[in-house]
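[1] Next one to model:
(one chain, ligands or ions: 1)
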Amino acid sequence: MHTRISGIGMTSQRTRDRLVQRLRAKGIVNEALLEVMGRMPRHLFVDEALASRAYEDTALPIGFGQTISQPYIVARMTEELLRGEPRRVLEVGTGSGYQAAVLSQLVEKVFTVERIDALARRVRQRFRQMGFRNIQLKHSDGSWGWPSKAPFDAILVTAAPPEIPTGLLEQLADGGRMVIPVGGRNGQTLAVITRRGAVCEREDLEAVSFVPLLGGAG
Ligand code: SAH
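    Sure thing, here's the model as predicted:
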């Protein structure tokens with residue numbers, strides 16, 4: 001019998017398994033992370049019209065000129081972030097909420113900031129419906145981080161600034177890691193910054209393509 005239960009039937013699980021295979025093939029090795037991405041219903045984070053494409057390894061539009069990141073990039077950034085075994089994590093650029101949802105299954109507490117009010121409202125409702133209780137969301141300009149909740153063991157930025165915002169570095173705990181795409185129209189690089197006291201080490205990983213980190217809250 002082929003019954004479809006609001007899209008979350010066997011078919012979705014099989015397509016999710018295929019996505020996990022693709023992530024493995026691209027070099028993702030963190031088993032806990034692969035397990036979470038293998039059960040996270042990404043189709044619930046995009047418009048219904050795009051739900052059938054939710055398990056392709058591509059970025060998809062989520063309105064307001066923004067995108068839900070490509071699953072491989074979500075996996076890559078999360079894998080780098082988890083190396084420091086963080087407990088409290090700040091995400092800048094909530095977007096669809098998918099990245100925050102994945103993180104919420106792997107760390108104790110996720111703080112996420114989104115500058116577009118309509119997206120922030122939509123995602124807050126989505127988190128409530130889906131029962132994510134360890135994610136706190138704020139509508140504001142995330143270039144300033146979330147000072148009252150700092151320091152964070154790790155910071156994940158999912159929109160690209162031309163330069164690394166120093167305000168964010170200040171909210172990173174000693175020994176903490178920040179994963180961030182940096183650059184402008186001529187190309188962006190995914191960087192990992194590790195804070196050691198007053199000094200920050202930078203390691204560049206690979207070329208990426210993110211929407212720009214914008215100033216102000218809309
Ligand atoms: N992590 C998201 C993808 C985000 S796309 C996901 O999993 O779906 C990048 C997001 O960053 C967009 O929603 C954009 O509005 C937001 N953004 C851009 N500049 C920002 C800023 N200064 N502060 C907070 N959010 C910002």
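
[2] Which residues belonging to the longest helix seen in the chain are considered buried?
    If you go by DSSP state H, the chain has its longest helix at helix 10-25. For helix 10-25, the buried set under the neighbour-count rule, 16 or more other CB atoms under 10 Å, comprises 12, 16, 19-20, 22-23. The way it works is simple: take the backbone N, C-alpha and C, and place the C-beta from them, glycine included.

[3] Kindly report the same for stretch 67-75.
    Per 16+ other CB under 10 Å, stretch 67-75 contains these buried residues: 67-75.

[4] Gln99 and Val157 touch, don't they?
    No: assessed by CB atoms under 8 Å, Gln99 is found out of contact with Val157, at 10.5 Å.

[5] Can you check which residues contact both of those two?
    Common neighbours of Gln99 and Val157 (criterion: CB atoms under 8 Å, 6 or more residues apart in numbering): Glu91.

[6] Of these two, which one has the most company?
    Just comparing Gln99 and Val157: by other CB atoms under 10 Å the higher neighbour count belongs to Val157, 26 against 23.

[7] Kindly provide the distance from Pro212 to Ile135.
    From Pro212 across to Ile135, the span is 24 Å (CB to CB, to the nearest Å).

[8] Looking at those two, which is more packed in?
    Taking neighbours as other CB under 10 Å, Pro212 and Ile135 compare with Ile135 leading, 21 against 14.

[9] Which residues are in contact with Arg83?
    Arg177.

[10] Got the phi and psi for it?
    Per-residue torsions, Arg83: phi -60, psi -30 (degrees, to the nearest 10).

[11] contacts for the strand or helix carrying Gln129?
    Here Gln129, judged by DSSP states H and E, is contained in helix 117-130. Helix 117-130 is contacted by residues 44-45, 62-64, 66, 94-97, 100-101, 114, 135, 137-139, 217-218 when judged by CB under 8 Å, 6+ apart.

[12] same thing with stretch 97-110?
    Counting by CB under 8 Å, 6+ apart, residues outside stretch 97-110 touching it are 32-33, 36-37, 40, 42, 45, 68-69, 74, 77-78, 81-82, 86-89, 91, 94, 112, 123, 126-127, 130, 132, 134-137, 153-154, 156, 158.

[13] how about CSV for the buried residues of stretch 67-75, with secondary structure added?
    As requested, the buried residues of stretch 67-75 are exported to CSV (DSSP: H, G, I helix; E, B strand; the rest coil):
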residue, secondary structure
Thr67, strand
Ile68, strand
Ser69, coil
Gln70, coil
Pro71, helix
Tyr72, helix
Ile73, helix
Val74, helix
Ala75, helix
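
[14] wait, which of those residues is closest to the ligand?
    Each of the buried residues of stretch 67-75 was checked against the ligand using CB to the nearest ligand atom; the closest is Ile68, at 3.9 Å.

[15] State the distance from the nearest residue to the closest one once chain neighbours are set aside to Met130.
    Nearest non-adjacent residue to Ile68, counting by CB to CB, 6 or more residues apart in numbering: Ser96, 4.1 Å away. To Met130, Ser96 is 12 Å away according to CB to CB.
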